[in-house]
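In: Pasting the sequence and the predicted model now:
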Amino acid sequence: MKISSKKEFHSYVSSLQSLLLEENVPIKTSKVAELLAKTLGYNSANGLYSKLPICHTLELVNFTKFTNRLIEHHNVYSINAAILLNLLETQHESYSTAWESDHKCYPKQLTKNENYWYLTCEGWLPWQRMDFSKMKVELNIFKVVHSSTHAMGGSARPIWDSSIASLEFENESIKLEKKFGDMPDSKTLFSISY
């Protein structure tokens, strides 16, 4: 479950609220936000906000927390947490996540005539400055561009962009491209060492 922004979290909350309503469990939006945040291991929705962006894999402990909170706080015993939460995740799964199309974005090493550029909230960053244990496409990388130099000059092309990500993520990416450009600055684009 990738949640890149408050807006995206609210989208998850709205979907979860609808899924619960389909099961005849009406819960106020603020309570659903707290339920989801605590299910994912945070003390509150505000606690989750402070850690955004997050990437969380649903496990048995999450299903147990969800079930226990529904029982303790809403007197609901009839919900299968695993089915409901997996359905929630599926509803928010983008083409990017479903196709695992990001695997080419994180090379272990580069040749001497190439570079990768990543659009982040801080602007365009080169491969050399990236920590891929914390940075992922559709989480906090909004676009990936591969550049290389050769005898004829240089070439650059996007290898991943937010058009296959969630709508909320794509909208944030559009804002960042307006701010920082849809490609790295031409003066640095073909720099091999940045």
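Out: Perfect, thanks for sending it. Keep in mind it's a predicted model, so treat the numbers as computed, not measured.

In: What residues sit buried inside whichever helix or strand residue 87 is part of?
Out: Using DSSP states H and E, residue 87 sits within helix 81-91. Under the neighbour-count criterion of 16 or more other Cβ atoms under 10 Å, helix 81-91 has 81, 84-85, 88-89 buried. All C-beta spots, glycine's among them, are computed from the backbone N, C-alpha and C.

In: can you redo those residues as TSV with distance to residue 14 and pLDDT?
Out: Output for the buried residues of helix 81-91, formatted as TSV (distance: Cβ to Cβ, whole Å; pLDDT from 0 to 100):
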residue	distance to residue 14	pLDDT
81	19	95
84	14	95
85	15	96
88	10	93
89	14	89
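
In: Export these as CSV, with columns for distance to residue 2.
Out: CSV is the format used below for those (distance: Cβ to Cβ, whole Å):
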residue, distance to residue 2
81, 20
84, 19
85, 14
88, 13
89, 9
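
In: For the chain, which helix extends over the most residues?
Out: Taking DSSP state H as the criterion, the chain has its longest helix at helix 6-22.

In: ok, and what's touching stretch 7-21?
Out: Here stretch 7-21 makes contact (Cβ atoms under 8 Å, 6 or more residues apart in numbering) with 1, 3, 26-27, 29, 32-33, 35-36, 45, 48-49, 52, 79, 84, 87-88, 91-92, 166, 168-169, 171-172.

In: run the last query once more with 7 Å
Out: 3, 27, 29, 32-33, 36, 48, 84, 87-88, 91-92, 166, 168-169 (Cβ atoms under 7 Å, 6 or more residues apart in numbering).

In: And the residues you listed, which is closest to residue 149?
Out: residue 169 (31.1 Å; Cβ to Cβ).

In: Next, the buried residues of the longest helix of the chain.
Out: Residues 8-9, 11-13, 15-17, 19-20 are the ones in helix 6-22 that count as buried (16+ other Cβ under 10 Å).
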